[in-house]
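Undergrad: Model the following, please.
(one chain, ligands or ions: 2)
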Amino acid sequence: MDRPALTLPDTSDPRRLPGCPAPAKLNLFLHVTGRRADGYHLLQTAFRLLDWGDTLDFGLREDGEIRRTTEIAGVPPEQDLVVRAARLLQAHTGCRLGADIALHKVLPMGGGIGGGSSDAATALIALNRLWGTGLGRAELQALGLQLGADVPVFIFGRDAFAEGVGETLQPLDLSPAWYVIVSPGVSVPTGEIFSAEGLTRNTPLIRMADFAASTTRNDLQAMACSRYPEVQRAIDWLMQYAPARMTGSGACVFAEVPSARDAERIAASCPQRWTAWNVRTASRHPLYEWLE
Ligand SMILES: C[C@@](CO)(OP(=O)(O)O)[C@H](O)COP(=O)(O)OP(=O)(O)OC[C@H]1O[C@@H](n2ccc(N)nc2=O)[C@H](O)[C@@H]1O
Ligand SMILES: Nc1ncnc2c1ncn2[C@@H]1O[C@H](COP(=O)(O)OP(=O)(O)O)[C@@H](O)[C@H]1O
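TA: Numbers count the residues shown, from 1 in each chain. Ligands and ions are numbered 1, 2, ... in the order given. All right, here's what the predicted structure looks like:
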């Protein structure tokens, strides 16, 4: 029997929320359509949520402290988007409660699958419940945007067509699907790709109704592949099986395949120097119902 990889947390103890899921996303396409005065880029993209992600445990503290209780290599607690999300929610609401937060990392970092952003979104959603701060979805999305352009979509909680810097969201109704995702073992810094000279920044706007894989692309892909050739090699390998492209600013690449069995078979044949996953989509964020 096929069971979701991400499940709902145990809500029996009002002082603890163990096992809160933070799903990954794919950018099915990504067009850079312009640049704002502050340097941020205007995009059009389609976000697809996956049934695969990190999990976080939250425990209430009365002293107002925010403590991350697990070690994450390369991410000191002060820089962790989860800790920053908790502090932002405290500051925004004046809440005097704190939290112990354990982050169980599954998603590759700097992979273009939004792990850090999703962790931050889950922290905002879960602490809003644990602390009883009562913010609604739209207000939490606006708060999330202060942490990163990718945070709002995880609070929105559905597949979405996104514009602006990624925060103007319209729901997309997509059929369930299976993907093979390959991490080519390099980490591509988002800021480096966006600021690169020669990046395509003037792709014409499309209408949401016209979005299809055949007529779209990822405008960040050429730059990421020229600077990190292993990304191109992973695309070429995956292309043997199905049309493949990069997600977000990389480094992960993905292809939609017809069935769970195909996804499993292709992922199992991935060259040893890379990592591959067979992943199915999720129609909603597992915590979707927690917000009005
Ligand atoms: C490219 C995308 C596509 O979904 O995803 P990832 O590859 O990061 O997963 C996002 O736009 C990334 O969102 P996110 O990772 O939250 O980016 P942020 O922390 O806000 O920004 C990191 C850096 O990327 C650049 N940036 C980001 C988003 C944007 N619309 N324009 C930009 O120019 C800025 O230079 C910024 O300093
Ligand atoms: N909780 C977190 N999980 C992952 N990365 C984090 C986290 N907090 C901060 N970061 C930083 O954000 C960077 C990008 O992370 P991530 O969201 O995984 O990738 P991407 O933006 O490419 O999808 C990481 O390299 C790391 O330095």
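Undergrad: Show me what from the protein comes close to ligand 2.
TA: 75, 79-82, 103, 109-117, 119, 190, 248-249 (Cβ under 6 Å from any ligand atom). C-beta coordinates here come from the backbone N, C-alpha and C atoms, glycine included.
Undergrad: again, only this time at 5 Å
TA: 75, 80-82, 109-110, 112, 114-116, 119 (Cβ under 5 Å from any ligand atom).
Undergrad: now, which of those lie within strands?
TA: In strands, judged by DSSP state E, none of the residues of the chain next to ligand 2 are found.
Undergrad: which of those residues come close to ligand 1?
TA: Among the residues of the chain next to ligand 2, the ones lying near ligand 1 by Cβ under 5 Å from any ligand atom are 112, 114.
Undergrad: Now, of the residues of the chain next to ligand 2, which are buried?
TA: 75, 80-82, 110, 112, 114-116, 119 (16 or more other Cβ atoms under 10 Å).
Undergrad: how about TSV for those residues, with distance to residue 50 added?
TA: Below are those laid out as TSV (distance: Cβ to Cβ, whole Å):
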residue	distance to residue 50
75	21
80	22
81	18
82	19
110	17
112	12
114	9
115	11
116	15
119	14
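Undergrad: For residue 212, state which of these is nearest.
TA: Distance to residue 212 across these (Cβ to Cβ) is lowest for residue 112, with 20.9 Å.
Undergrad: which residues touch the residue nearest to that closest one when sequence neighbours are not counted?
TA: With sequence-adjacent residues excluded and distances taken as Cβ to Cβ, 6 or more residues apart in numbering, residue 112 is closest to residue 248, at 3.1 Å. If you count contacts by Cβ atoms under 8 Å, 6 or more residues apart in numbering, residue 248 has them with 27, 30, 111-114, 150, 190, 220.
Undergrad: excluding its backbone neighbours, what's nearest the residue of the stretch 51-200 of the chain found nearest ligand 2?
TA: When scored by Cβ to the nearest ligand atom, the stretch 51-200 of the chain has residue 116 as its residue closest to ligand 2, at 2.9 Å. Residue nearest to residue 116 in three dimensions, not counting chain neighbours: residue 81, with 4.6 Å by Cβ to Cβ, 6+ apart.
Undergrad: I'd guessed that neighbour sits against residue 117; true?
TA: Yes. Contact criterion Cβ atoms under 8 Å: residue 81 and residue 117 qualify, at 6.8 Å.
Undergrad: shared neighbours, those two?
TA: 147-148, 151.
Undergrad: part of a strand, is residue 57?
TA: Yes. Using DSSP: H, G, I helix; E, B strand; the rest coil, the assignment for residue 57 is a strand.
Undergrad: Pretty sure it sits against residue 18.
TA: Yes. The criterion here is Cβ under 8 Å, and residue 57 meets it with residue 18 at 4.4 Å.
Undergrad: the more surrounded of the two?
TA: residue 57 (20 against 15; other Cβ atoms under 10 Å).
Undergrad: and that one, what are its bridge partners?
TA: residue 102 (DSSP bridges).
Undergrad: That one: what's it in contact with?
TA: Applying Cβ under 8 Å, 6+ apart to residue 57 gives the contacts 16-20, 100-102, 104.
Undergrad: Looking at those, which are in strands?
TA: Counted as lying in strands by DSSP E, out of these, are 16-20, 100-102, 104.
Undergrad: Now the buried members of those.
TA: Here the buried ones among those, as counted with 16+ other Cβ under 10 Å, turn out to be 16-17, 19-20, 100-102.
Undergrad: For the residues you listed, give me CSV that also has pLDDT.
TA: Formatted as CSV, those follow (pLDDT from 0 to 100):
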residue, pLDDT
16, 98
17, 98
19, 97
20, 98
100, 98
101, 98
102, 98
